[in-house]
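Visitor: sequence? don't have it. structure:
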């Protein structure tokens, strides 16, 4: 299950679409949440920084999270009307799950800017 509070209301909200893409890139058992959306601007661009957490569970949670963290810098995300400029791993936390299960969290900061089409 994924959750994301919309900063761009409606179906064109890039943070929701990006979270879905990240979960698909990881694996179907990964869950995610978009915990904070911070407005961002430079002299030329407007956008947001989306703080997201991906949760990996199971005996191989750490291996899957590490693999995802390695693939993120080179990943391309195609979201119509927006450009995903950077995906940074801000933290990686291992936790205990139920029984012998392991949980691993990847905390991400993602810069998304509006594509002006120029």
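Guide: Received, thanks. Everything numeric here is computed off the predicted structure, so don't read it as measured data. Numbering: from 1, shown residues only.
Visitor: now do the strands in the protein.
Guide: When assigned using DSSP state E, the strands of the chain occupy the ranges 2-4, 31-41, 46-57, 78-79, 82-96, 102-114.
Visitor: report the mean confidence score over the shortest one.
Guide: What it means is strand 78-79. Predicted confidence along strand 78-79 averages 91 (mean pLDDT).
Visitor: helices or strands next to that strand in the packing?
Guide: When contacts are defined as 3 or more CB pairs under 8 Å, 6 or more residues apart in numbering; DSSP states H and E, strand 78-79 packs onto helix 14-26. Backbone N, C-alpha and C define where each C-beta goes, glycine included.
Visitor: residues in contact with the helix it packs on?
Guide: When contacts are defined by CB atoms under 8 Å, 6 or more residues apart in numbering, helix 14-26 is touched by residues 2, 4, 6-8, 30-34, 37, 48, 50, 52, 54, 56, 64, 68, 71, 75, 77, 79, 81-82, 84, 108, 110, 112.
Visitor: what comes up buried for that helix?
Guide: Of the residues in helix 14-26, those scored as buried under the neighbour-count criterion (16 or more other CB atoms under 10 Å) are 14-19, 21-23, 26.
Visitor: would TSV of those with pLDDT be doable?
Guide: Rendered in TSV, the data for the buried residues of helix 14-26 read as follows (pLDDT from 0 to 100):
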residue	pLDDT
14	87
15	88
16	87
17	89
18	92
19	92
21	92
22	94
23	92
26	91
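Visitor: sorry, back to before: could you export the strands of the chain as CSV, including mean neighbour count?
Guide: Formatted as CSV, the entries for those read as follows, by neighbours: other CB atoms under 10 Å:
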stretch, mean neighbour count
strand 2-4, 16
strand 31-41, 15
strand 46-57, 20
strand 78-79, 14
strand 82-96, 14
strand 102-114, 20
